[in-house]
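Chemist: sequence isn't available, so here's the structure alone:
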């Protein structure tokens, strides 16, 4: 009886279409089985429920610390980030090398007011990639008025051991002003300072915006000539205003781009707290024969190069178009007055969280159509060098790269994305990201932005965008000794990872690459 029943069952199975004897079909991509809106919600939940941003940021900030380009700390951060990517299941994780012409190590920098002798120590920090003084040097403080190359002639032979100021004090906004954009430039010019003894000078007519970057001085377009002249004249030190309130110091700087082999061509240079910089200008306004003299001592080290540095790269391979790419990036390098938390440890850890989230979804069969590549660039602070090297290294992939999106304005919530004037992208992308409004995302803008690694992609025609973020104290932490872990805000960084992950998946799953034409490009044709 049992054999008869078994025979009947087997015969029945042979008559059923698509029976178990047939080979199972290959699994389809997630987007074919689940709606885009459901995919968005999967992303948002994954970040909300399992985010590792703050744990990663704590390690990057407090255990590894500052990450100056070319330093051992930066290489530690590269290797740590690569291990995190591998742990999250990313593919093709690697450190991509490139070179810088010279390294730089910060030593002490001190400055003391000697005349008038009131016991005041002036708070300073060296500009990056500038050399040391030859021990302690005492010299007059001199405010130079330079607008043209010819203006330098008036100072020839007068600047030996001088401590030089090249701008008036900036107008610094109060701490309570944390608006995203700087206030409008005032129409009333600042009061002019009297010239220092023996040197005729006037304050420039341009007026910096409160809380924003001062406008570039007239000599900036030929600054290498100015620095070469000052070095030849034997200037002891160039002093710049940190232009931030309440004793905040700033640093920035880079190796000279004109001659890769001689980073010492600039004289020693420092940033000074705004309060002390303004003090020097007030002292210079005293009538002759009053003098303003300081003693300066700087001990930096230029490290001979070339020195190899790395970008950290990992990816999630696409299920349908693996040779087309969406790039998500942030810069891993930082300055060294603090721990580089908000510039740009926050962006780096948001990118790692986005990678973790999308890899988790891919492991559950929710793989994007195109490859999503995650890149932690280096050398951004010195001039976007790491992203430029990435673009150069991957030049054959640029025509197949749909978008590069960068997170680099600290701990603030992502309010939007600036599309660099790409109206055609706005038309395609705007309907795709409507679900982000529930996260506080305000929308896409045609406005452009500068100062970070998306510009390296824009330069070769790839749509390159930066997140527009709530400023959230970034004006105070940026490049200062206040850029520390306690400034990070978990809820905003979680929101940023959600926005980036949803946006990246939507772009990766579009039928075509994002359009590249700009209105200005059409006119040129």
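Modeler: Good, I have the coordinates. Remember, it's a predicted structure, so these values are computed and weren't measured experimentally.
Chemist: contacts only, for residue 429.
Modeler: With contact taken as Cβ atoms under 8 Å, 6 or more residues apart in numbering, residue 429 is in contact with 419, 444, 503, 506, 507, 514. (Glycine included, C-beta is placed from N, CA and C.)
Chemist: at 7 Å instead, please
Modeler: residue 444 (Cβ atoms under 7 Å, 6 or more residues apart in numbering).
Chemist: after the helix or strand hosting it, which helix or strand is next?
Modeler: Following DSSP states H and E, one finds residue 429 within helix 423-429. Of the helices and strands lying after helix 423-429 in sequence (DSSP H and E), the nearest is strand 443-445.
Chemist: not counting its own residues, what contacts the helix or strand that comes right after that following strand?
Modeler: Counting by DSSP H and E, the next helix or strand C-terminal to strand 443-445 is helix 454-458. Outside helix 454-458, the residues that touch it by Cβ under 7 Å, 6+ apart are 384, 387, 388, 391, 404, 406, 420, 464, 465, 466.
Chemist: which residues pair with the fifth one across the strands?
Modeler: Read it as residue 404. Beta-bridge pairing for residue 404 (DSSP bridges): residue 327, residue 464.
Chemist: right, and residue 128 touches residue 104 too?
Modeler: Yes - using Cβ atoms under 7 Å, residue 128 is in contact with residue 104, at 5.9 Å.
Chemist: more neighbours, the two?
Modeler: residue 104 (27 against 22; other Cβ atoms under 10 Å).
Chemist: find the nearest non-adjacent residue to residue 339, please.
Modeler: Nearest residue to residue 339 in three dimensions, chain neighbours excluded: residue 61, at 4.3 Å (Cβ to Cβ, 6 or more residues apart in numbering).
Chemist: quick one, what contacts that neighbour?
Modeler: Each residue near residue 61 by Cβ under 7 Å, 6+ apart is listed here: 339, 341, 345, 484, 485.
Chemist: make TSV from the contacts of helix 454-458 and add pLDDT, distance to residue 83 and neighbour count to it.
Modeler: TSV is the format used below for those (pLDDT from 0 to 100; distance: Cβ to Cβ, whole Å; neighbours: other Cβ atoms under 10 Å):
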residue	pLDDT	distance to residue 83	neighbour count
384	97	26	22
387	98	22	28
388	98	26	20
391	98	26	23
404	98	24	27
406	98	23	30
420	95	34	21
464	98	28	27
465	98	29	26
466	97	27	25
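Chemist: so, low pLDDT: which residues of this structure?
Modeler: Applying pLDDT under 70 to the chain flags residues 1-33, 175-214, 257-264, 519-525.
Chemist: quick one: the strands in the stretch 301-450 of the chain?
Modeler: Using DSSP state E, counting those that start in this stretch, the strands found in the stretch 301-450 of the chain span residues 301-316, 321-331, 370-377, 401-406, 414-418, 443-445.
Chemist: which residues in the protein form helices?
Modeler: Secondary structure of the chain (DSSP state H): helices at 2-15, 30-33, 36-50, 53-58, 72-87, 223-232, 274-284, 346-363, 385-393, 423-429, 454-458, 474-477, 490-508, 519-524.
Chemist: just send the ones you listed back as JSON lines, with distance to residue 174 too.
Modeler: Formatted as JSON lines, the helices of the chain follow (distance: least, Cβ to Cβ, whole Å):
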{"stretch": "helix 2-15", "distance to residue 174": "81"}
{"stretch": "helix 30-33", "distance to residue 174": "50"}
{"stretch": "helix 36-50", "distance to residue 174": "35"}
{"stretch": "helix 53-58", "distance to residue 174": "29"}
{"stretch": "helix 72-87", "distance to residue 174": "34"}
{"stretch": "helix 223-232", "distance to residue 174": "31"}
{"stretch": "helix 274-284", "distance to residue 174": "12"}
{"stretch": "helix 346-363", "distance to residue 174": "25"}
{"stretch": "helix 385-393", "distance to residue 174": "35"}
{"stretch": "helix 423-429", "distance to residue 174": "36"}
{"stretch": "helix 454-458", "distance to residue 174": "31"}
{"stretch": "helix 474-477", "distance to residue 174": "11"}
{"stretch": "helix 490-508", "distance to residue 174": "23"}
{"stretch": "helix 519-524", "distance to residue 174": "39"}
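Chemist: buried deepest among those, which one?
Modeler: Most buried of those, by mean neighbour count (mean count of other Cβ atoms under 10 Å): helix 346-363, with a mean of 26.
Chemist: helices and strands around it, which ones?
Modeler: The helices and strands touching helix 346-363, judged by 3 or more Cβ pairs under 7 Å, 6 or more residues apart in numbering; DSSP states H and E, are helix 36-50, helix 53-58, helix 72-87, strand 301-316, strand 321-331, strand 370-377, helix 490-508.
Chemist: nearest to residue 245, out of the ones you listed?
Modeler: Nearest of the helices and strands packed on helix 346-363 to residue 245, taken as Cβ to Cβ: helix 490-508 at 22.9 Å.
Chemist: what's the angle from that closest one to strand 401-406?
Modeler: 170 degrees (axes from the mean of the first three to the mean of the last three Cα atoms, to 10 degrees).
Chemist: and the residue nearest to residue 74 when sequence neighbours are not counted, what does it touch?
Modeler: With Cβ to Cβ, 6+ apart as the criterion, residue 74 has its nearest non-adjacent residue at 4.2 Å, and that residue is residue 67. Going by Cβ under 7 Å, 6+ apart, residue 67 touches 73, 74, 77, 332, 333, 334, 340.
Chemist: circling back to that earlier point, could you say which one of the helices of the chain comes nearest to residue 152?
Modeler: Nearest to residue 152, of the helices of the chain and by Cβ to Cβ, is helix 223-232 at 5.0 Å.
Chemist: distance between that closest one and the chain's centre?
Modeler: Averaging C-alpha positions (Cα atoms, centre = their mean, to the nearest Å) puts helix 223-232 28 Å from its chain's average.
Chemist: hmm, who's touching it?
Modeler: Helix 223-232 has contacts (Cβ under 7 Å, 6+ apart) with 146, 149, 152, 159, 164, 219, 238, 256, 258, 265, 266, 267.
Chemist: farthest-apart pair in those residues, please.
Modeler: Among the contacts of helix 223-232, 159 and 258 lie farthest apart (Cβ to Cβ), at 22.0 Å.
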